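Trainee: All I have is the shape, not the residue letters:
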């Protein structure tokens, strides 16, 4: 496998549960030639790695996810 990418996300890129799906448009992946869709929880630690392709998704520096009521 080649070098894996790290995709930096804004908090607004996360869904309401604080995660993203891989493959994702932010990673520039075409759905027809990638692995099955997998949910990655970013909210807990600010980063998650796809078990299929190794792409890491992380919040950009200074970004935070959570309800600030």
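Mentor: Arrived safely, thanks for sending. Bear in mind that the values here come from a model prediction, so they are computed numbers and not experimental data.
Trainee: all strands of this protein, in order?
Mentor: With DSSP state E as the criterion, the chain has strands at 6-9, 19-22, 38-41, 47-49, 56-59.
Trainee: Adding distance to residue 66, mean pLDDT and mean neighbour count, write those out as CSV.
Mentor: To be clear about C-beta, it is placed using only N, CA and C from the backbone, and glycine gets the same treatment. Shown next, in CSV, are those (distance: least, CB to CB, whole Å; pLDDT from 0 to 100; neighbours: other CB atoms under 10 Å):
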stretch, distance to residue 66, mean pLDDT, mean neighbour count
strand 6-9, 14, 94, 16
strand 19-22, 13, 93, 20
strand 38-41, 13, 96, 14
strand 47-49, 15, 97, 17
strand 56-59, 11, 96, 20
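Trainee: can you list those strands in a markdown table and add distance to residue 28?
Mentor: Shown next, in a markdown table, are the strands of the chain (distance: least, CB to CB, whole Å):
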| stretch | distance to residue 28 |
| --- | --- |
| strand 6-9 | 9 |
| strand 19-22 | 12 |
| strand 38-41 | 16 |
| strand 47-49 | 17 |
| strand 56-59 | 13 |
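Trainee: Who's the closest spatial neighbour of the spatially most central residue of the chain, skipping the chain neighbours?
Mentor: The geometric centre of the chain, computed from its C-alpha atoms, lies nearest to residue 57 (CA atoms, centre = their mean), at 3.7 Å. Spatial nearest neighbour of residue 57, excluding adjacent residues (CB to CB, 6 or more residues apart in numbering): residue 7 at 5.0 Å.
Trainee: cool, and residue 47?
Mentor: Using CB to CB, 6+ apart, the closest residue to residue 47 is residue 58 (3.9 Å).
Trainee: for residue 4, same thing?
Mentor: residue 54 (3.7 Å).
Trainee: among the strands of the chain, which is nearest residue 29?
Mentor: Nearest of those to residue 29, taken as CB to CB: strand 19-22 at 7.8 Å.
Trainee: Just name whatever secondary elements that closest one is in contact with.
Mentor: Using 3 or more CB pairs under 8 Å, 6 or more residues apart in numbering; DSSP states H and E, the elements in contact with strand 19-22 are strand 38-41.
Trainee: where's the strand it packs on relative to the chain centroid, distance-wise?
Mentor: Strand 38-41 has its C-alpha centroid displaced from the chain centroid by 7 Å (CA atoms, centre = their mean, to the nearest Å).
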